[in-house]
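In: Compute the structure for the input listed below.
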Amino acid sequence: MKRSIVTILFALAATALVSAQTDLQSVALVKLTKTEPITVKQLKAEVQKIEAQTGKTLTLDERKQVLDVMINERLALQAAERDKITVSDADINQQLQQARASMAQSLGRQPTDAEFESAIKQQTGMDLAAYKDQLKRLATVQKYLMTKKQDILNSIKKPSDAEIKNFYELNKVKLVRPDTVRFSMIFVPYGNDAAAKAKAKELADKLVKDIGTSPSKFDEAVLKGQSATAGYQAGDGGYLPKTPEAQSIVGQEFMNVAFSLKQGEVSRLIENSKGYQIIKITEAYSQKNLELDDIYQLGSKVTVRDYIGNLLYQKNQQAAFDKASKELVDELRAGGKSYQIFDKLIAY
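Out: As a prediction, the model looks like this:
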């Protein structure tokens, strides 16, 4: 019996050793200006990251595509280093600050360092240091592409008025603004325990009693809510379209109440998982098939014409970027001497 256990343990150890040795083997070599290996372990990590994001196992052909992208990136980085094209740490820190500002807008406050790093980890699967490294690699590749293929990227044309009108005619059946309301809101947040929740309910009930159905008293309560000592929050709630996506955010009860009110009317007390709400409808719009010069998104100055123009321009940008990328990759791979692939290891 002991002998069998020893044999099994030895076999498991040997398997683990073979696997570890395989992970260290090079599945490809990039050698434009220097020899740089891409190991089986590095390919596995990239494949696993994509599989986690897509929720499916990649086929052998898809693994080869992943490896091709890894080779192309390293070729471009070596070429950028050769041509002294760099991206500074200050540039990367600026990108991180922009991401942090976007998160602050969503939270309504500045995120802590721990919150910011946790969000990056959740969205990318990487810690902050690894994420910064990836940002720098991508920015360097993009800067190299912009430098070497500037003629293609500068040749992007803005769509003509005829192209915009043609797109509109073909897609106007989809260009519909749903029933939409804009609302002002008073929000009394819950506490963390039963006593705090009871206190919040007491304040919410008092507000409902004081306001009643009076729009002017609601507005007065909103002004008082700007004070740090009010005990509740108040202000503009923005635009709410009558769509399944919006309902998934605000909840069915809130949606039902909001669209049962006329412009200027004040709601009854609404409860959700975070607190109590009272709303007043400040603007109301019926469903409409949008014309070219209608506002595409309420609250902005962007017209349907502007939206289509930007959409078509981005499409032209992508086509030019794809062309420039292909040309650059073909040049870096020319002759097949700048890289080498060991096909049998892709299956690992």
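
In: which parts of stretch 258-276 are buried?
Out: A258, L261, V266, S267, I270, E271, G275, Y276 (16 or more other CB atoms under 10 Å). No exception for glycine: its C-beta is placed from N, CA and C like everyone else's.

In: Let's see which of these end up in strands.
Out: I270, E271, G275, Y276 (DSSP state E).

In: correct me, but the last one touches A204?
Out: Spelled out, that is Y276. Yes. Using CB atoms under 8 Å, Y276 is in contact with A204, at 3.7 Å.

In: From S248, how far off is P241?
Out: 12 Å (CB to CB, to the nearest Å).

In: Those two: which is more packed in?
Out: P241 (16 against 10; other CB atoms under 10 Å).

In: give me every residue that touches the more buried one.
Out: R177, P178, D179, T180 (CB atoms under 8 Å, 6 or more residues apart in numbering).

In: Widest-spaced pair of these?
Out: For these, the maximum inter-member distance is 8.4 Å, found between R177 and D179 (CB to CB).

In: So which residues of the stretch 201-348 of the chain form strands?
Out: 233-241, 270-271, 275-285, 288-289, 339-341 (DSSP state E, counting those that start in this stretch).

In: Those strands: which one's closest to T57?
Out: So among these, strand 339-341 is nearest, using CB to CB, at 21.3 Å.

In: So what's the residue count around the nearest residue to Q287 once chain neighbours are set aside?
Out: In space, and not counting its chain neighbours, Q287 is closest to D179: 5.1 Å by CB to CB, 6 or more residues apart in numbering. The local packing of D179 (other CB under 10 Å) involves 14 other residues.

In: now L77
Out: 20.

In: I figured it was touching T140, is that so?
Out: Yes. Counting by CB under 8 Å, L77 touches T140, with 6.1 Å between them.

In: returning to what we had before: return every residue with contacts to both of P241 and S248.
Out: In contact with both P241 and S248: no residue, using CB under 8 Å, 6+ apart.

In: Against E265, how distant is G237?
Out: Taking CB to CB, one finds G237 at 14 Å from E265.

In: coming back round to it: closest one to I38 among the strands of the stretch 201-348 of the chain?
Out: Here strand 339-341 is closest among these (CB to CB), at 9.1 Å.

In: Name the surrounding residues that touch that closest one.
Out: V27, A28, L29, V30, K31, L32, L67, I71, L75, R333.

In: In helices only, show me these.
Out: Judged by DSSP state H, the subset of these located in helices is L67, I71, L75, R333.

In: Please identify which of the residues you listed is nearest to K326.
Out: Scanning these for proximity to K326, where the rule is CB to CB, the winner is R333, at 10.5 Å.

In: V250 contacts G238, correct?
Out: No. Between V250 and G238 there is no contact under CB under 8 Å: 10.7 Å.

In: which of those two has more neighbours?
Out: Using other CB under 10 Å, the more surrounded residue of V250 and G238 is V250, with 16 against 12.

In: give me the number of residues near the closest residue to that one other than its chain neighbours?
Out: Leaving out its chain neighbours, the residue that sits closest to V250 by CB to CB, 6+ apart is L240, at 6.7 Å. Neighbourhood size, L240 [other CB under 10 Å]: 22.

In: Likewise for the one 3 residues further on?
Out: The tally of other residues near T243 (other CB under 10 Å) stands at 13.

In: gap between it and Q287?
Out: 11 Å.

In: For the two, list the residues in contact with both.
Out: Both T243 and Q287 are contacted by P178, under the criterion CB under 8 Å, 6+ apart.

In: Please save the CA atoms from the strand or helix carrying D61 in CSV.
Out: Element membership for D61 (DSSP states H and E) is helix 60-82. What follows is helix 60-82, C-alpha atoms only, in CSV (Å, rounded to 0.1, in the frame of the first residue of the first chain):
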residue,chain,number,x,y,z
LEU,A,60,-6.3,26.0,-31.5
ASP,A,61,-6.8,28.4,-34.3
GLU,A,62,-7.9,31.1,-31.9
ARG,A,63,-4.8,30.5,-29.7
LYS,A,64,-2.7,31.0,-32.8
GLN,A,65,-4.4,34.3,-33.4
VAL,A,66,-3.6,35.3,-29.8
LEU,A,67,0.0,34.4,-30.4
ASP,A,68,0.1,36.4,-33.6
VAL,A,69,-1.1,39.5,-31.7
MET,A,70,1.5,38.9,-29.0
ILE,A,71,4.2,38.7,-31.7
ASN,A,72,3.0,41.8,-33.5
GLU,A,73,3.1,43.8,-30.2
ARG,A,74,6.6,42.7,-29.4
LEU,A,75,7.8,43.5,-33.0
ALA,A,76,6.3,47.0,-32.8
LEU,A,77,7.8,47.6,-29.3
GLN,A,78,11.3,46.5,-30.5
ALA,A,79,10.9,48.7,-33.6
ALA,A,80,9.8,51.7,-31.4
GLU,A,81,12.8,51.2,-29.1
ARG,A,82,15.1,51.0,-32.2
